[in-house]
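[1] Give me coordinates for this.
(chains A and B)
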Amino acid sequence: MKSISIVFVLFVMLSMVYVIPSAYAEEDDDGDDREGFGEMKREREHQDEGIPIGTDIGNVILYGTIAAIGVSVAYTAFKIKSSKRKSSPKS
Amino acid sequence: MTSKKTNLRFIVFLTLLSLLVIPPTLAYADDDDEVEDIVENLGWIAVGAGIVANIPFIAMNKIRRYAIKTGSSTMQIGKQIKTVYKPILNFHIMLNSIGYFAGMTHGLMLSQHLDSVSLSLAIVMSVMMVSGLLLKYTSSRNSKIFGKLLHGQFGLVILLAALISLHVVIGND
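    Okay, the predicted model is just below:
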């Protein structure tokens, strides 16, 4: 019953999460009504994207993150293993 | 058994309802710009949910540990915190789940602008979420310890915060 109430509250909050952004979405820009202006704007936005995948900095960030996660998982596993070895009696 | 079945049906019903309601809302929004604004706001909601869910929770844990460590005079504070621990933990789980799903929806709907920071952020968020689920739902002792150690890794928390900051800075440019 407790888990069901958690799920229910989660559902209500999720619904709110999807409704609130719609309410705060900005109105259309009047200047964007010209024909083709939206497409040009979108094209320009595509051109100056942050740090694309495949560039040097992009690869460093991505592989660095993956390496950091790998190191964390390995460190955690090592810690568990070493604590188990300590707790088991010596033969 | 019956109550478990009813719970499962209720969860399936809510999931289906969400799937039926949310995508059409976005699909029938007036135009592309409006949809993009909604999706961008979802990102801010994810950031806000993360801050509200994690900072008080981490602070509470630190205070509790400190109170227990320092001894008898502060022990009472530690005990008081222990009584509110469960509700705050549930709040932490719920808000983080909302933040995760809002963030993932934001990422999936803006996948045309995918960059390495966003991808790294999605990976770190997923690792934190999976370790949290492992911590909450597994009964095996080893998995629980593994989940606990991985979920509380300071390095991962710092990495997540750094990636969020970088993502916000790049997104605002």
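
[2] lowest average confidence, helix or strand, in chain A?
    helix A:37-47 (a mean of 53; mean pLDDT, DSSP states H and E).

[3] Okay, and B:Val168 sits in which element?
    B:Val168 belongs to helix B:154-172 when assigned by DSSP states H and E.

[4] How about A:Gly58?
    Residue-wise, A:Gly58 maps onto helix A:56-87 under DSSP H and E.

[5] can you give me the helices in chain B?
    B:2-27, B:32-70, B:72-109, B:116-137, B:141-151, B:154-172 (DSSP state H).

[6] what's the closest of these to A:Ser82?
    A:Ser82 sits nearest to helix B:141-151 of all those, at 11.8 Å, using CB to CB. All C-beta atoms are positioned from the backbone trio N, CA, C, and that covers glycine.

[7] buried set for the closest one?
    Using 16 or more other CB atoms under 10 Å in any protein chain shown as the test for burial, helix B:141-151 gives B:145-147, B:149-151.

[8] Would you reformat the helices of chain B as TSV and include distance to A:Ile66?
    Converted to TSV, the helices of chain B look like this (distance: least, CB to CB, whole Å):
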stretch	distance to A:Ile66
helix B:2-27	31
helix B:32-70	21
helix B:72-109	17
helix B:116-137	7
helix B:141-151	15
helix B:154-172	11
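
[9] how about those helices in CSV, adding mean pLDDT?
    CSV is the format used below for these (pLDDT from 0 to 100):
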stretch, mean pLDDT
helix B:2-27, 63
helix B:32-70, 85
helix B:72-109, 85
helix B:116-137, 91
helix B:141-151, 86
helix B:154-172, 90
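
[10] Tell me which of those sits most buried.
    Of all the helices of chain B, helix B:116-137 has the most neighbours on average by mean count of other CB atoms under 10 Å in any protein chain shown, namely a mean of 19.

[11] and the gap between A:Ile51 and B:Glu34?
    27 Å (CB to CB, to the nearest Å).

[12] Any idea which of the helices of chain B gets closest to A:Thr65?
    helix B:116-137 (3.8 Å).

[13] and the closest one with helix B:32-70, angle?
    Helix B:116-137 and helix B:32-70 are oriented at 50 degrees to each other (axes from the mean of the first three to the mean of the last three CA atoms, to 10 degrees).

[14] and helix B:116-137, what other elements does it pack with?
    helix A:56-87, helix B:72-109, helix B:141-151, helix B:154-172 (3 or more CB pairs under 8 Å, 6 or more residues apart in numbering or on different chains; DSSP states H and E).
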